[in-house]
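In: quick one: sequence plus predicted model below, questions after.
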Amino acid sequence: MCNNQTEFSLSSWVAIGISCLALFVSYFSIRLSIALSIQNQLTSKAKECNKYIIEETQAFPTTAHEVSAIVSTIIYAKHLLDLQFKKSWLFLLGKSKQVSTHIFYFELHTSITEYVHRNVLFLNPKDQTLEPTIKKQLQTCHDFLEESNQKYQV
């Protein structure tokens, strides 16, 4: 009878060990999936920003519509990152939001990162109705990307 208890106990521990291993693997699979999803979304937003770069000169655009589109998309990326880290906090424990921001920064065209870093709004032609709003948005973009800019600016 003692032998049956030992076998039962050993098989129980093996089952518990396998279950714990499966749980561990599942957790890290979900974690990786969420991290990749975030990066794919941020890459998509960076590409959306980059499409406004003036192709011939590789310069940052100056029309209110294009500047607004770029800064709005950067703000959207910031909110997306904040939301994903808030929503999936359990699976992103120990992950740095700033690392994701750095990757997003690398995906942006350098003329965008320079413009945001300078944080000086220039619109041609001047648009008095949109300028205050875009200026606030540019400040938000600057704050979001400044740590990456300071760390990686050449």
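Out: That came through fine. Here the structure is a predicted model, which is why all the values come from computation and not from measurement.

In: does anything pack onto the helix or strand harbouring L10? Which helices or strands?
Out: Element membership for L10, per DSSP states H and E: helix 2-50. Helix 2-50 makes packing contacts with helix 64-87, helix 97-107 when contacts are defined by 3 or more C-beta pairs under 8 Å, 6 or more residues apart in numbering; DSSP states H and E. All C-beta spots, glycine's among them, are computed from the backbone N, C-alpha and C.

In: and the angle from the first one to helix 2-50?
Out: What it means is helix 64-87. 170 degrees (axes from the mean of the first three to the mean of the last three C-alpha atoms, to 10 degrees).

In: contact partners of helix 64-87?
Out: The contact list for helix 64-87 (C-beta atoms under 8 Å, 6 or more residues apart in numbering) reads 34, 37-38, 41-42, 45-46, 48-49, 52, 60-61, 92, 95, 97, 100-101, 104, 108, 112, 116, 121, 123, 127, 130-131, 133-134, 137-138, 140-141, 144-145.

In: buried stuff in that helix?
Out: Within helix 64-87, the residues scored as buried using 16 or more other C-beta atoms under 10 Å are 64, 66-75, 77-78, 80-81, 84-85.

In: ok, the last one next?
Out: When neighbours are counted by 16+ other C-beta under 10 Å, the buried residues of helix 97-107 are found to be 100-102, 104-105, 107.

In: now the very next helix or strand once past it: mean pLDDT?
Out: Next in sequence after helix 97-107, counting helices and strands by DSSP H and E, comes helix 110-118. Mean pLDDT, computed over helix 110-118, is 95.

In: equivalent analysis for stretch 17-26, please.
Out: Here the average pLDDT along stretch 17-26 is 92.
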